[in-house]
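In: only geometry, no sequence info:
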Ligand SMILES: Nc1ncnc2c1ncn2[C@@H]1O[C@H](COP(=O)(O)OP(=O)(O)OP(=O)(O)O)[C@@H](O)[C@H]1O
């Protein structure tokens, strides 16, 4: 390609499109050939497998060759998918960079992925995550540098361009400076919201880029205002890390702890869009629930707790919940565990076949030789030790039945092995109401007890460290308690990106977890504050600010309609008004939400709309998808999501959570916000 071609975005687009097409044709042909090979390998196998050598070598070789060919074809299909996507918009930016000591700039086009005519050739388009692409996000015209594997590369940016290519056609191209950057941002944000979070590669901001490209900090905690791009940045960071450490980090090594399934669905397409495989997502409640299955068949989740709090507004219950998740309670549990060693045991001499251990010998083994084994696993360790000793001495192994009898004898030395009962003793000792004394099938843990029981379980039986997870992302960090972080620190010994917003705590008061996190993780945590908010118009953001008194947020200067506050007598009147204001449909908005305080209130509104024959979606804690159109939900399930129009519907009753709820509700709106109150 000549100099001139490179300098003109439009010409470059045409040329590069041609080259992508050629590559695509080659890949298509190669996939087809691969498919034929697979087919003939299969045919060969079925025709010849009866005559293959008796040791199975030939069979094994055939299988391996087939597997190799299948994998190869899968890789090519991925490449085809990527190339097809690139055809729609091959690049979005360009940096003309003069290396120190050189005269002429080198031109780098930047896109969602690398593209070179042939493997090994210089890329025509650079992946947004490539070292040189950092220049695009970090600098305007003038001196600039980027970190390459060989060290810091310095020089000068002669020009920076922004492009919008849609369906393979150039929509706009201009040389950019910071001001235009802001204009593009406003334009991007001014469009209608999607039912999925958008990728932001075209407009990543400098301070966001610093977080995305941060590889040195083991634990990175981001406090970001509502709409500041925390979730977006965390996901782009994952894509960046996967790109730069392909050898050691696979998508299966990453886990996102996210609040619920709708949120998981909302963010699930970003990584595939950025050319990476999707990663596992899970809620910590679900994780705990699975871990506790042997102890209780059912547990409450965070939302049960929240709903009860709002309904009963019982200060004692709220305090009790807080206490049980606190540092103080972890201390009490440790004290209890120290005395449990004596209370839980009832040592008895063991005599079976040739195995003989006196009470005294067992006590010795228990308190000295095996003192580091968790309490409820310790007798198993002692049993194995005794059985081993016996088998070596007599030169014979115990049968399965004999082993069971021995195990039974050792188990009997525990007063109980039931962690539910042991937790009951702990509650009694700490002066809390006891758990119902019922058989396994009838047990259900209240949310306040879920994580204390999990803590106890790990302390009594040992914990499985999830070594295969090399990076943990915790979204909505403010909603995790001290105790939950203690548990997380025990089971995940890996790098972490922790993000959230103290102003959006699902509680009566803001919770700043950053104050206790360094203590829990016992190390320095790099804290970053993101203060610029992108989602809301200035009118909406100012309104939200007044609700919580959060002041230091910098706003993108995007204007919209004033927020409307209005009172109505009953639900019917509110719904009439909402239908006057909702602008959903072709050439209008994509998403709107009616956000209520409680599940009961949201469900009533939803049913009334259904009775009116309206097409409406309902999101509750069991939902797994967020759809286009009008959605009814609660403030706590709307958290993390965004809508073009938001209609907050709140009752005129005292509720200590109301301000938080209104703040979360208001900050979900991209363009229009209506805050309605029912006075009846
Ligand atoms: N650099 C950017 N360019 C374009 N859009 C951006 C940028 N940063 C954030 N946004 C947009 O701002 C909105 C909010 O982003 P995101 O949901 O990631 O923020 P958040 O901090 O996690 O929000 P919240 O805590 O309120 O749920 C999204 O629409 C996102 O696409």
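Out: Sure, I can see it. What you are looking at is a predicted structure, and each value in this text was computed from that prediction instead of being measured.
In: what helix or strand does the closest residue to residue 522 other than its chain neighbours sit in?
Out: Spatially, and ignoring its direct neighbours in sequence, residue 522 is nearest to residue 489 (8.0 Å; Cβ to Cβ, 6 or more residues apart in numbering). Where C-beta positions appear, they are placed from N, C-alpha and C, glycine not excepted. Using DSSP states H and E, residue 489 sits in helix 482-491.
In: Could you pull out the buried residues of that helix?
Out: Buried residues in helix 482-491, counted by 16 or more other Cβ atoms under 10 Å: 482-489, 491.
In: any idea of the mean pLDDT in the helix or strand harbouring residue 256?
Out: Using DSSP H and E, residue 256 sits within strand 254-257. Strand 254-257 carries an average pLDDT of 95.
In: Which elements pack onto it?
Out: Applying 3 or more Cβ pairs under 8 Å, 6 or more residues apart in numbering; DSSP states H and E, one finds that strand 254-257 contacts helix 230-244, strand 280-282, strand 471-474.
In: where does the stretch 51-200 of the chain come near the ligand, residue by residue?
Out: Taking Cβ under 6 Å from any ligand atom as the contact definition, the stretch 51-200 of the chain meets the ligand at 185, 188-189, 197-198, 200.
In: Could you dump the buried residues of helix 482-491 into CSV and include distance to residue 642 and pLDDT?
Out: Formatted as CSV, the buried residues of helix 482-491 follow (distance: Cβ to Cβ, whole Å; pLDDT from 0 to 100):
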residue, distance to residue 642, pLDDT
482, 30, 95
483, 31, 96
484, 26, 96
485, 27, 96
486, 33, 96
487, 31, 96
488, 27, 96
489, 32, 95
491, 32, 94
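In: Reformat those as TSV; add distance to residue 385.
Out: Rendered in TSV, the data for the buried residues of helix 482-491 read as follows (distance: Cβ to Cβ, whole Å):
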residue	distance to residue 385
482	37
483	34
484	36
485	36
486	31
487	30
488	33
489	31
491	27
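In: Pull out whichever of the residues you listed are also neighbours of the ligand.
Out: Among the buried residues of helix 482-491, none lies close to the ligand by the criterion of Cβ under 6 Å from any ligand atom.
In: Can you give me the distance of the spatially most central residue of the chain to the ligand?
Out: By Cα atoms, centre = their mean, the chain has its centre lying nearest to residue 256, at 2.8 Å. Per Cβ to the nearest ligand atom, to the nearest Å, residue 256 is found 13 Å from the ligand.
In: My guess is that residue contacts residue 284. True?
Out: No - with contact defined as Cβ atoms under 8 Å, residue 256 does not reach residue 284; the gap is 10.8 Å.
In: what's in contact with the helix holding residue 489?
Out: Residues outside helix 482-491 that contact it (Cβ atoms under 8 Å, 6 or more residues apart in numbering) are 257, 284, 324-327, 329-330, 451-452, 454-455, 458, 463-466, 472, 474, 480, 513, 516-517, 520-522.
In: Around the ligand, pick out the residues from this protein.
Out: Neighbours of the ligand within the chain, by Cβ under 6 Å from any ligand atom: 185, 188-189, 197-198, 200, 203-205, 208, 224, 226-232, 501, 534-535, 640, 642, 667.
In: so how far is residue 403 from the closest residue to residue 624 other than its chain neighbours?
Out: Spatial nearest neighbour of residue 624, excluding adjacent residues (Cβ to Cβ, 6+ apart): residue 261 at 4.2 Å. The gap separating residue 261 from residue 403 is 43 Å, by Cβ to Cβ, to the nearest Å.
In: between those two, which one's more packed in?
Out: residue 261 (20 against 13; other Cβ atoms under 10 Å).
In: contacting residues for the more buried one?
Out: 283, 622-624.
In: show me where pLDDT drops low in the stretch 401-550 of the chain?
Out: In the predicted model of the stretch 401-550 of the chain, residues 510 satisfy pLDDT under 70.
In: Pretty sure residue 448 sits against residue 321.
Out: Yes - contact criterion Cβ under 8 Å: residue 448 and residue 321 qualify, at 4.3 Å.
In: Mutual contacts of those two, please.
Out: Common neighbours of residue 448 and residue 321 (Cβ under 8 Å, 6+ apart) are residue 305.
In: And for the closest residue to residue 226 other than its chain neighbours, the neighbour number?
Out: Closest residue in space to residue 226, ignoring its immediate chain neighbours: residue 667 at 3.7 Å, by Cβ to Cβ, 6+ apart. Residue 667: 29 surrounding residues under other Cβ under 10 Å.
In: same check, this time on residue 662
Out: For residue 662, the count of nearby residues is 20 (other Cβ under 10 Å).
In: could you list every residue that touches it?
Out: Residue 662 sits next to 547, 635, 648, 650, 675 when contact means Cβ under 8 Å, 6+ apart.
In: tell me the mean pLDDT for stretch 183-195?
Out: Per-residue scores along stretch 183-195 average to 75.
In: so where's the stretch 101-250 of the chain shaky on pLDDT?
Out: Those would be 177-181, 192-193, if you go by pLDDT under 70 across the stretch 101-250 of the chain.
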